[in-house]
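Visitor: sequence plus the predicted model coming up.
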Amino acid sequence: MSEVNFKKRVFSGIQPSGNLTLGNYLGAVKRFVEMQNTGIETIYCVVDLHAITVWQDPAALKNQTRELAAAYIACGLDPKKSILFNQSQVSAHAELGWILSCVTRLGWMNRMTQFKDKAGKNAEKMSLGLYAYPALMAADILAYQATHVPVGEDQKQHVELTRDIAAKFNHDFKSEVFPLPEPIIEGTATRIMSLRDGSKKMSKSDPSDKSRINMTDNADTIASKIRKAKTDPDSLPSEIEGLSSRPEARNLVNIYAALSDTSITAVLQEFGGQQFGTFKPILAELAVNHLAPISNEMARLMADPTEIDRILGDGAQRANIIASPVLEKVKNAIGIVAR
Ligand code: AMP
Ligand code: TRP
């Protein structure tokens, strides 16, 4: 076992691959902000190199990168307290990604469920990058010797793979360069589901816009999506067990709980026995009150892209100061001749 005591450090990232959803907000960004405010060192990344594993229109990618940075800040990330940058500006990610792909075993990669979900029956037509991406994700985390990784439940397998990669590297090269990072998956909102199908996660890439709430949706759109969200004809139960075979009902209660920072049990105590006709408008109002100030702030920040680029550039410089020496240690451990 490792003798080295690594400093507590948080790293996480989100792909700039389109609209940020309520699922990203509740499952990820809201918790990024909470961790920042506990005083731990926090590093948050716009992972553009991950986004290009599937086709991205070049002009749109630039805009989406700035928009995600604006969303981070509008949700409460403070670029002075956290390091905020886009991945491709720090070359250590790509370099370490390659090195770690030489440590990762094909058998480990073949178990990744996200690739199977994303590729479906079209695996032959997918990019090699989409398949290899978990090794790059491991590099994102390990380049900073990060110890804690806040993510939604869908990313747990990738963080566990990162631990396996780190352990194999340390073992093979008799080094103690890498900590074994822990996924931080907690709270009610680890998996927000689609508004149209309670068995699918709410996703940026769902073809139906009605399946998700985007952080940039206006009040009317949010209210209409919640009003039309799929439910069942029964009223809300008073106990959590009453939600067990009702995924859509459970999802709406869960969203309410996450937005109001309470538990599902507390929400059911308040609304048990009520019909969705009553609950949905109250949920819509809560969502609008929460999201409107964020989307207004995003719009204000997006009016000054130069300032966003400055923030990302400054973050990249600070990130590089941490990642460069780690990469040097890695190269030294594997026997690469350096300057
Ligand atoms: P992605 O949209 O795949 O780039 O995910 C970015 C972050 O948001 C990751 O930490 C995900 O686990 C999290 N996330 C994405 N969708 C959801 C969802 N529906 N519910 C909870 N967390 C999510
Ligand atoms: N793979 C993550 C997703 O699709 C994004 C991501 C890339 C990430 N690198 C990371 C998350 C490092 C946490 C840590 O959501």
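Guide: Great, that's in hand. Numbering: from 1, shown residues only. Ligands and ions are numbered 1, 2, ... in the order given.

Visitor: looking at the chain, which helix or strand is least sure?
Guide: Lowest by mean pLDDT, DSSP states H and E among the helices and strands of the chain is helix 113-119, with a mean of 90.

Visitor: is ligand 1 contacted by that helix?
Guide: No. Judged by CB under 6 Å from any ligand atom, helix 113-119 stays clear of ligand 1, getting no closer than 8.4 Å. All C-beta atoms are positioned from the backbone trio N, CA, C, and that covers glycine.

Visitor: that helix - contacts with which helices or strands?
Guide: Helix 113-119 sits against helix 128-142, helix 156-172, with contacts defined as 3 or more CB pairs under 8 Å, 6 or more residues apart in numbering; DSSP states H and E.

Visitor: now the last one: how far from the chain's centre is it?
Guide: Chain-centre distance of helix 156-172: 19 Å, with CA atoms, centre = their mean, to the nearest Å.

Visitor: need the contact partners of the next helix or strand after that helix.
Guide: Once the chain leaves helix 156-172, the next helix or strand it forms, by DSSP states H and E, is strand 182-184. Applying CB atoms under 8 Å, 6 or more residues apart in numbering, the contact partners of strand 182-184 are Val10, Arg31, Met35, Thr147, His148, Val149, Pro150, Val151, Gln155, Lys156, Val159, Glu160.

Visitor: filter those residues down to the buried ones.
Guide: Listed as buried from the contacts of strand 182-184 are Val10, Arg31, Met35, Thr147, His148, Val149, Pro150, Val151, Gln155, Val159, Glu160; burial here means 16 or more other CB atoms under 10 Å.

Visitor: list, one by one, the residues from the stretch 51-200 of the chain near ligand 1.
Guide: Val151, Gly152, Asp154, Gln155, Ala189, Thr190, Arg191, Ile192.

Visitor: stretch 306-319 - what's its average pLDDT?
Guide: When pLDDT is averaged over stretch 306-319, the result is 98.

Visitor: check stretch 34-45 too.
Guide: pLDDT averaged over stretch 34-45 gives 96.

Visitor: got it, and stretch 216-227?
Guide: Mean per-residue pLDDT for stretch 216-227: 93.

Visitor: then stretch 177-189?
Guide: 91.

Visitor: can you get me the start-to-end distance on it?
Guide: With CA to CA, to the nearest Å applied, stretch 177-189 spans 33 Å between its terminal residues.

Visitor: what comes up buried for that stretch?
Guide: Val177, Phe178, Pro179, Leu180, Pro181, Pro183, Ile184, Ile185, Gly187, Thr188, Ala189.

Visitor: that one near ligand 2 anywhere?
Guide: No. Judged by CB under 6 Å from any ligand atom, stretch 177-189 and ligand 2 are separated, with a smallest distance of 8.6 Å.

Visitor: now that stretch: how far from the chain's centre is it?
Guide: The answer for stretch 177-189 is 12 Å, by CA atoms, centre = their mean.

Visitor: repeat for stretch 202-216
Guide: That offset, for stretch 202-216, works out to 15 Å (CA atoms, centre = their mean).

Visitor: cool, stretch 238-247 as well?
Guide: On CA atoms, centre = their mean, the centre of stretch 238-247 falls 27 Å from that of its chain.

Visitor: now it: buried residues?
Guide: Neighbour-count burial for stretch 238-247 flags Gly242, Leu243, Arg246, Pro247 (criterion: 16+ other CB under 10 Å).

Visitor: flag the shaky bits of the chain, pLDDT-wise.
Guide: 1-3 (pLDDT under 70).

Visitor: in it, which spans are strands?
Guide: Ranges of strands in the chain, per DSSP state E, are 9-14, 41-46, 83-86, 148-150, 182-184.

Visitor: which parts of this structure sit against ligand 2?
Guide: 11-15, 47, 50, 137, 140-141, 149, 151, 155, 158.

Visitor: looking at the residues you listed, state which has the most neighbours.
Guide: Using other CB atoms under 10 Å as the neighbour criterion, Ile141 leads the residues of the chain next to ligand 2 with 30 neighbours.

Visitor: list the contacts for it?
Guide: Residues near Ile141 by CB under 8 Å, 6+ apart: Phe11, Val149, Val159, Thr162, Pro181.

Visitor: and the second one, how far from Pro181?
Guide: In this case it means Val149. Distance, Val149 to Pro181, using CB to CB, to the nearest Å: 5 Å.

Visitor: got any residues that touch both of those two?
Guide: Contacts common to Val149 and Pro181, judged by CB under 8 Å, 6+ apart, are Phe11, Ile141, Val159, Thr162.

Visitor: as TSV, those residues with distance to Met109 would be great.
Guide: Shown next, in TSV, are the shared contacts of Val149 and Pro181 (distance: CB to CB, whole Å):
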residue	distance to Met109
Phe11	21
Ile141	17
Val159	15
Thr162	13
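
Visitor: return the closest of those residues with respect to ligand 1.
Guide: Here the nearest of the shared contacts of Val149 and Pro181 to ligand 1, counting by CB to the nearest ligand atom, is Val159; it sits at 9.7 Å.

Visitor: these two touch, right, that closest one and Pro150?
Guide: No. Val159 is not in contact with Pro150 according to CB atoms under 8 Å; the separation is 9.8 Å.
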